[in-house]
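Let's see this in three dimensions:
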Amino acid sequence: MDDETGVVYVVDDDPAVRKGLDRLLRSAGLAVEAFASAAEFLAWDGQDGIGCVVLDVRMPGISGMDLQADLVARGIDLPVIFLTGHGDIPMSVEAMKTGALDFLTKPVDAEVLLNAVRQALHRHRAARTGRLETQAMRTRMESLTPRELEVLRCVVTGALNKQIAAHLGIAEKTVKIHRARVMEKMSVASLAELVQTCQRAGIEPLTGLKT
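Model (predicted):
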């Protein structure tokens, strides 16, 4: 598994097509795993990293469209690029509606396919990074005590420590301690960074606080 560049999963029942795509993609420096059927791809358990699927539409057994739907149902977020010799406009529209990144027809221009694959890998990498950052942020949020969360919601309003202390009915020194712990637990170095983090996490500033 190439975690840095990602893997292109080719699913096509035509051996000649698989061989040609494998050669093309590898010549562009991409890692490739090829499968002769949708069932073969689904039986493989290595789709946990960055990647995308170059998928034929009409195959014996499970069709490409059905495979795409199965991936969605399983929560597998690999971007899908359909590559088919039997496509039509209604089919391409349906594929895009259900989340396909692109719908290309055979024979496809090499650069068109490579550009689509690079875009798919970039999109998957960005989405995966965003999810990991969001998960880490939520974990940090969950580490806050109820009082620290209360202080955080006051801090992001721009209120001074003495204003927060008066609003919460606690000592200003206590606010300073909680504020320092919030900054440490949230791994931020400034108020602006804390505000941005809260906005991404959906944490609303405390209302009714006079500043």
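
Phi, psi for Asn115 please.
Backbone geometry at Asn115, expressed as degrees, to the nearest 10, gives phi -60, psi -40.

no no, Gln135
phi -60, psi -40.

Any idea which residue is closest to the centre of the protein?
Centroid check for the chain by CA atoms, centre = their mean gives Ala127 as the closest residue, at 2.3 Å.

Secondary structure element holding that residue?
helix 110-142 (DSSP states H and E).

Tell me, how many residues neighbour Val155?
23 (other CB atoms under 10 Å). C-beta coordinates here come from the backbone N, C-alpha and C atoms, glycine included.

For it, which non-adjacent residue is closest in space?
Arg179 (6.0 Å; CB to CB, 6 or more residues apart in numbering).

Could you list which residues are in contact with the one you found?
For Arg179, the contacting residues are 151, 155, 161, 164, by CB atoms under 8 Å, 6 or more residues apart in numbering.

Could you pull up the residues touching the residue nearest to the centre of the chain?
Asp77.

Local confidence estimate at Ala38?
For Ala38, the model assigns a pLDDT of 93.

actually Arg147, not the one I wrote
Here the pLDDT value assigned to Arg147 is 94.

Against which helices or strands is the helix or strand where it lies packed?
Following DSSP H and E, one finds Arg147 within helix 146-155. Packing partners of helix 146-155 (3 or more CB pairs under 8 Å, 6 or more residues apart in numbering; DSSP states H and E): helix 161-168, helix 172-185, helix 191-201.
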